[in-house]
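Peer 1: A structural model of the following input is requested.
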Amino acid sequence: MGQIPLDIIKLKLSVLRVNEAKEILQQLGLSRTGRKDVLIDRIMSVFKDAATLNASGYYTRDQPRLDAAAQIIDTVFQRLVMQQQAAALSVQHLVSQKAAGGKDADAAVEPSSKRPRTEAAAQQQAGHASPQQQEPQQRHSPGFSHAGPAGKHQQVQEVISAFLSAPQGVGPSNTQVRCICAQHVPREPMLQCEGAFCGVWQHASCVKQQLEGSPSSTGGASWIKRKQFFCERCKVARADPFWEISDPLILPPVLGQLCNHPYRAVALPHGLGVANVQMSSTGLKTCVLSSWQLALLRSKPDEYKLQALCLQLDDSVPFRFHWPVMATLTVDGTPLRVFNRGMNTKLGPNQRDEPVDIGVLLPHGTGMVRQSIQLEYADPARQFVLMVYLMRRRTKEAVKALMKPAEALSAAVWQVRQHMHGHSPSKASSSSSGAAGGGPPAAAAADDGDPLHALAATAAAANGSDNGIQHTDDSDDDDIILSNTVVSLKDPNCGMRMEQPARFCDSVPLGAAFDLDTFLDIAQRTRKWMDPHSLKSSTVQNLQVDAYLTYVLQQLADHPHVTEVEINTEGLWRPAGSSTPFMSVLEPNSAAVAAAVTSAAAGSAVIKSAGGGDAAA
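Peer 2: Numbers count the residues shown, from 1 in each chain. Here you go, the predicted structure:
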C-alpha cells in the first residue's frame, strides 16, 4: 500500500455496523467492548500516526502490519457491500414478480396462507402496491444503489458529501463554540482559535485575552486582538509536540476560583516576612476512564500516559505548561507535588513546568474507573485552568512531520538576498505577493526572474522609506553598506558541524541555523522550543529545514573540515578564506567546490605560517 488513505478508511468504517467493527477489532487483537463510535476510534488509532508520517513522505517501521490492517477493513467492507447488494437485488426481483401477478411470486413472498391483517397488505396481495411501495425498494435498504457500477459506492459518496458540508467546518470556517466555562453559547466579544484544524470560538472574558476596543461605525465597539489566540487544546499540542492528545474528554478544562478556605501564610522574598494569601481551588472533580482506556495505559505504559496539565490564561509564554505558586494536586486523597522549583517561586520566562503522570495512581481492576482530583494554590492575581488528558507519545519522525515544509531552493536564495540587502523577514514576507513559501514577488518574476530587479523596484517605489518613515537623499547616515558575511556551519548546541540544518521561519535567513536532530533531542528533554541564537520562543509549526545551507552542506560532504562559508550580497557562496569566485547554489559545480576548498586550505596555511613567523620574530 505504501500510503495510508486515512480518509477512505474512516469513510469505510463509518458505514459498518457494530458486528463488523467488532470483527475487525478481533482480527487486530484489540478490545471489542464499547459503543460503535468507541470501536471506530479504537480502529482509527491504529492508523493515525502512520498516516501523518506517510503524508510527509516517511515510511513507518510497522508499515506491513498497517497494510494488513487496512486490507482487513477493506475485506469486511467489500463483503458487507456484496451482502447488501445481493439482498436488495433479491427483494427487487421478488417485487417485480409480485407486480407481474405470478403465482410463484405470491408463494415466494407469502409462503403462509394467513389472511392479510391490514388494508395495505390486502392491496399488496392483490397486486396493487401503495405509492410508497412503488418507489425503488433499495431506498429503504441500508445498502447501496444498484443502478450500475457507478452507483456501487453511493452511500460512501453521501458520507463524503455530509463530511465536507458539515455546518461547523474546520479552521476559519468553524462555527463551534467550545469555551472553558462550559457554556457553549455565543457571547460577545468572541475569539476564534487560530489552529489550522481547530477554529473553535471562546469567550474573550473567560480566557482572559486582553483586547483593545475602538469605536465602530455602528456605534458599538470593535474588538481587536493584541496577539494570536489559541484554545487550550492547541496550546497543549504546541507545548510538547512529542505527546499527542488521544482523548481530551476525561476531564474538561476547570478554572480555578477564589475559595473561602483559610488564608495560607506565604513567605515574602528578600526576607520581608510572611503574608497571608487567599487560596484558590478547582473544587473536587471526577475523572472517568473506560475499560479500553485502562487497557491502553496498562498494556502500553511507555506509549500512553494519563497526564494532569495546567495552563496560565494569557501567559506571556503561550505554549508551555505552567503550575501556579503553592500548587498542590490531590488525586484520590493523595497529595502530589507538581514541580521541582520552590513553592513560592514563580516560573521564569525561560522555564517550563511538566505535566503530572497520574496514571500511576490508578486502582487495580478491569472495569470503569473513577478518580477524584483537585488543585489548590495560592496565586490569586493570575488564573489557571486544569485538564486531564489521555496522551500518546509521538516519535521523532512524527514530530518532523509537523514541521513547516521546506521552501524551494530558489525561494531560499531570494530570502538570503533579501536579508543581505537589509530586509527583515517580516518586510520580505509583506512585500511578497505571489510565490508560496516566501518566494520572490510578482515584480521579480516579471522582470526576467531576477529578484534583484524586484529589490530595486521596491526601493524606488518606497522612495527611501523604511517602516513608514521617509528619509531624504541628502542624509549619508541612511545609506546601507552591503558587504559579504561569514556563516558558521557548526551547531550552537553541540559545536559540531550540522548534518541537517534547520531554523525557525520567523527568524533571519542567515546565521540562525542549527542541527535539527540535536535540537529535537534537547526540546524533547526540556520542552523548550526556543531559537538557540535569539532565545525567542516558537513552535514546531514554525520549524523549517534550511534549504540554502542544506545544499551547501551537500556540496561540502567530502570536505568535513570546512566549518564556515562566505556569502555575498547576491546570494552566492564559497568556503571562508577562499579567493576563488563565488558559486551559485542553483548551478552545481563539484570541480569549482573542490578548487574553492583547496584555495581556502592554502590561504589558511599561509595565515598560520605568517602568524608563526611573527611569533618567532
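
Peer 1: so where's this structure shaky on pLDDT?
Peer 2: Within the chain, the segments meeting pLDDT under 70 span 1-5, 49-62, 85-86, 88-171, 210-227, 261-275, 366, 424-482, 602-617.

Peer 1: pull the longest strand from it.
Peer 2: Using DSSP state E to define each element, the chain has its longest strand at strand 243-255.

Peer 1: Packing partners of the next helix or strand after it?
Peer 2: As assigned by DSSP states H and E, the chain's next helix or strand after strand 243-255 is strand 257-258. If you count contacts as 3 or more CB pairs under 8 Å, 6 or more residues apart in numbering; DSSP states H and E, strand 257-258 packs onto strand 280-281. Backbone N, C-alpha and C define where each C-beta goes, glycine included.

Peer 1: Can you list the strands that the strand it packs on pairs with?
Peer 2: The strands beside strand 280-281 in its sheet (DSSP bridges) come out as strand 257-258 (antiparallel), strand 369-377 (antiparallel).

Peer 1: Now do the shortest one: everything it contacts.
Peer 2: Just to be clear, that refers to strand 257-258. With contacts defined as CB atoms under 8 Å, 6 or more residues apart in numbering, strand 257-258 is touched by 278-283, 380.

Peer 1: what sits against Glu244?
Peer 2: Counted by CB under 8 Å, 6+ apart, Glu244 has contacts 49, 237, 391-394, 398.

Peer 1: Show me the beta-bridge partners of it.
Peer 2: Arg392.

Peer 1: which ones are touching the spatially closest residue to Leu294 that is not a sequence neighbour?
Peer 2: In this structure, Leu294 finds its nearest non-sequential neighbour in Val369, 6.1 Å apart by CB to CB, 6 or more residues apart in numbering. Counting by CB under 8 Å, 6+ apart, Val369 touches 288-289, 294, 362-363.

Peer 1: Next: Gln524.
Peer 2: By CB under 8 Å, 6+ apart, the residues touching Gln524 are 242, 396.

Peer 1: before we move on, what SS does it have?
Peer 2: Classification of Gln524 using DSSP: H, G, I helix; E, B strand; the rest coil returns helix.

Peer 1: same check, this time on Gly365
Peer 2: Classified using three-state DSSP, Gly365 is coil.

Peer 1: which phi and psi does the residue lying closest to it once chain neighbours are set aside have?
Peer 2: Among residues not flanking Gly365 along the chain, Leu294 sits closest, at 7.7 Å (CB to CB, 6+ apart). Taking degrees, to the nearest 10, you get phi -60, psi -40 for the backbone angles of Leu294.

Peer 1: What is the burial count for Leu294?
Peer 2: Applying other CB atoms under 10 Å, we find 21 other residues in the vicinity of Leu294.

Peer 1: Any idea how many residues pack against the residue lying closest to Gln371 once chain neighbours are set aside?
Peer 2: Among residues not flanking Gln371 along the chain, Cys287 sits closest, at 4.4 Å (CB to CB, 6+ apart). Cys287 has 19 neighbouring residues, counting by other CB under 10 Å.

Peer 1: just the one 3 residues further on next, same as before
Peer 2: Around Ser290 there are 18 other residues, counting by other CB under 10 Å.

Peer 1: Please work out how many residues are found near the closest residue to it other than its chain neighbours.
Peer 2: Using CB to CB, 6+ apart and skipping the chain neighbours, the partner closest in space to Ser290 is Met368 (5.9 Å). A total of 11 residues lie near Met368 under the criterion other CB under 10 Å.

Peer 1: Repeat that for Leu25.
Peer 2: As a burial measure, Leu25 scores 21 neighbours (other CB under 10 Å).

Peer 1: Please list the outside residues in contact with the helix or strand containing it.
Peer 2: Assessed by DSSP H and E, Leu25 sits inside helix 18-28. Outside helix 18-28, the residues within contact range by CB under 8 Å, 6+ apart are 13, 16, 31-32, 36, 39-40, 42-43, 46, 69, 72-73, 76-77, 80.

Peer 1: Generate a ChimeraX selection restricted to the buried entries among the residues you listed.
Peer 2: Per 16 or more other CB atoms under 10 Å, the buried members of the contacts of helix 18-28 correspond to this ChimeraX selection:
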select :13,16,31,39,40,42,43,46,69,72,73,76,77,80
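
Peer 1: now, which of the contacts of helix 18-28 lie within strands?
Peer 2: Going by DSSP E, the strands hold none of these.

Peer 1: now, the most widely separated pair of the contacts of helix 18-28?
Peer 2: The span of the contacts of helix 18-28, defined through CB to CB, is set by Ser31 and Leu80 at 21.8 Å.

Peer 1: The spatially closest residue to Pro335 that is not a sequence neighbour: neighbour count?
Peer 2: Nearest non-adjacent residue to Pro335, counting by CB to CB, 6+ apart: Thr328, 5.4 Å away. Neighbour count for Thr328, taken as other CB under 10 Å: 17.

Peer 1: beta partners for Thr328?
Peer 2: Going by DSSP bridges, Thr328 is paired in beta bridges with Glu376.

Peer 1: what sits against it?
Peer 2: Thr328 neighbours (CB under 8 Å, 6+ apart): 335-338, 375-377.

Peer 1: got CSV for the contacts of Glu244, with neighbour count and distance to Glu188 too?
Peer 2: Below are these laid out as CSV (neighbours: other CB atoms under 10 Å; distance: CB to CB, whole Å):
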residue, neighbour count, distance to Glu188
Asp49, 20, 39
Ala237, 22, 27
Met391, 24, 34
Arg392, 19, 37
Arg393, 15, 40
Arg394, 21, 37
Ala398, 21, 39
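
Peer 1: Dump the residues you listed to JSON lines, plus distance to Val177.
Peer 2: Formatted as JSON lines, these follow (distance: CB to CB, whole Å):
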{"residue": "Asp49", "distance to Val177": "30"}
{"residue": "Ala237", "distance to Val177": "20"}
{"residue": "Met391", "distance to Val177": "25"}
{"residue": "Arg392", "distance to Val177": "27"}
{"residue": "Arg393", "distance to Val177": "31"}
{"residue": "Arg394", "distance to Val177": "29"}
{"residue": "Ala398", "distance to Val177": "31"}
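
Peer 1: ok, so of those residues, who is nearest Val416?
Peer 2: Using CB to CB, Ala398 comes nearest to Val416 of those, at 30.5 Å.

Peer 1: where does that closest one land in three-state SS?
Peer 2: Ala398 ends up helix, using three-state DSSP.

Peer 1: What spatial separation is found between it and Lys48?
Peer 2: Remark: distance between Ala398 and Lys48 (CB to CB, to the nearest Å) = 10 Å.

Peer 1: ditto for Thr485
Peer 2: Taking CB to CB, one finds Thr485 at 44 Å from Lys48.

Peer 1: Surely Gln202 is within a helix?
Peer 2: No: judged by three-state DSSP, Gln202 forms no part of a helix; its state is strand.
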